[in-house]
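Colleague: Have a look at this prediction, sequence included:
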Amino acid sequence: MKNHHQIKDGWFFEICPMWPGMGFSLQIEKVLYSGESRFQKIDVYQTRHHGKMLTLDGIIQLTESDEFAYQEMLAHVPLFAHPNPENVLVIGGGDGGILREVCRHDCVKDVDFCEIDEEVIRVSRQFLPTLACGFDDSRINIHIGDGNAFVLGKKKQYDVIIVDSSDPIGPGDVLFKKPFYEGLKAALKPGGIVATQGESIFLHKEWVIHLAKITKELFIKQGYSCIMVPTYPGGNISICLGSLGPELNKPGRQIPDQLQEQLRYYSPEIHEASFILPHFAKKMLEDI
Ligand code: SPD
């Protein structure tokens, strides 16, 4: 089991080979939970200024201060790009945050949720109720198991598939490989959209190119959307998207006022803006 963090003098340091020569630190007050599942080390901290924090194998998955940015964008960008998402699959994200966002859409009739590590769900239910409230919706069917295997059994079933993975250095590594994306494509209905955790355009150029190449090869339309998240290394993370029809870089339907009022990051404007990448990233992705 890997552990990519250290704690010293009340500070948590995330030090990971995926961002070499760089450490990310947050001041912590207390360890609220520390345990090991069959798959990974799971910790929850009370930070000094950023609310509670969930880490897996010592890598920050979320802090309460800015989790809304990531969860809203990973859920609402594909869901609003689609004209009428009714059947949704969410793979990973045992904290429940993506489910919380998906279930804000009244048009969604049914959500399959597949998470490999039941222990993450249990810990989130105990310590992160503002995220785990995502599990409370009756439209959700929870499946515990390997997301890759789950997808292989599905054909033309989903309008939108969202993959909320950890980084490709733990149990999530299979979710960054081409056969998994082939399975995602086959599991989509005609006109379906897939959105996956796409790492950072600054820190993980090789991974970004790798995912963009796969989605360019497999899908009719492909896009990269960039999100500001201060408590991820480098302060940003991206979504890799593939579409079997709809445009990705603008909403395909109107956002109801009462839904917009519930959100803090997503809006139709930020949806479009998030696809406008810095020049180096634009070129990097055009050249593949
Ligand atoms: N470098 C960490 C990336 C974490 C992505 N998944 C976060 C899970 C939040 N629901």
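Modeller: Perfect, I can see it now.
Colleague: Ramachandran coordinates for Glu116?
Modeller: Actually, residue 116 is Ile rather than Glu. When read as degrees, to the nearest 10, the backbone of Ile116 gives phi -80, psi -30.
Colleague: Could you measure from it over to the ligand?
Modeller: Distance from Ile116 to the ligand, counting by Cβ to the nearest ligand atom, to the nearest Å: 13 Å. Every C-beta, even on glycine, is put in place using the N, C-alpha and C of the backbone.
Colleague: There's contact between that residue and Gly170 in this structure, I believe.
Modeller: No - Ile116 sits out of contact with Gly170 when judged by Cβ atoms under 8 Å, with a separation of 10.2 Å.
Colleague: Which one's more surrounded, the two?
Modeller: Taking other Cβ atoms under 10 Å, Ile116 and Gly170 do not tie; Ile116 has more neighbours (26 against 18).
Colleague: who's in contact with the more buried one?
Modeller: Phe39, Gly92, Ile144, Gly145, Asp146, Gly147, Pro171 (Cβ atoms under 8 Å, 6 or more residues apart in numbering).
Colleague: can you tell me which of the residues you listed are in helices?
Modeller: Among the contacts of Ile116, DSSP state H puts Gly147 in helices.
Colleague: Point out the least confident member of the contacts of Ile116, please.
Modeller: The lowest pLDDT within the contacts of Ile116 belongs to Pro171, with 76.
Colleague: I'd like to know how many residues surround it.
Modeller: Other residues lying near Pro171 total 19 when counted by other Cβ under 10 Å.
Colleague: List the contacts of it.
Modeller: Taking Cβ under 8 Å, 6+ apart, we find Pro171 in contact with Phe39, Gln40, Ile116, Asp117.
Colleague: Find residues that contact each of Ile116 and Gly170.
Modeller: Phe39.
Colleague: helices or strands up against the helix or strand hosting Glu269?
Modeller: Using DSSP states H and E, Glu269 sits in helix 268-273. The contact analysis (3 or more Cβ pairs under 8 Å, 6 or more residues apart in numbering; DSSP states H and E) places helix 268-273 against helix 67-81.
Colleague: Tell me where this protein has helices.
Modeller: Ranges of helices within the chain are 67-81, 97-102, 118-127, 129-132, 147-152, 178-187, 205-218, 257-260, 268-273, 279-286, based on DSSP H.
Colleague: closest to the ligand out of those helices?
Modeller: The ligand lies closest, by Cβ to the nearest ligand atom, to one member of the helices of the chain: helix 97-102, at 4.4 Å.
Colleague: can you give me how far that closest one is from the chain middle?
Modeller: Relative to its parent chain, helix 97-102 has a centroid offset of 10 Å by Cα atoms, centre = their mean, to the nearest Å.
Colleague: For it, which helices and strands make contact with it?
Modeller: Applying 3+ Cβ pairs under 8 Å, 6+ apart, one finds that helix 97-102 contacts helix 67-81, strand 87-92, strand 110-115, strand 158-164.
Colleague: again, only this time at 10 Å
Modeller: On a contact count with 3 or more Cβ pairs under 10 Å, 6 or more residues apart in numbering; DSSP states H and E, helix 97-102 meets helix 67-81, strand 87-92, strand 110-115, helix 129-132, strand 140-144, strand 158-164.
Colleague: Mean neighbour count, the ones you listed: which tops it?
Modeller: strand 158-164 (a mean of 27; mean count of other Cβ atoms under 10 Å).
Colleague: how about the residues of this protein near the ligand?
Modeller: Residues of the chain lying close to the ligand (Cβ under 6 Å from any ligand atom) are 59, 61-62, 71, 93, 95, 97-98, 164, 166-167, 197, 232.
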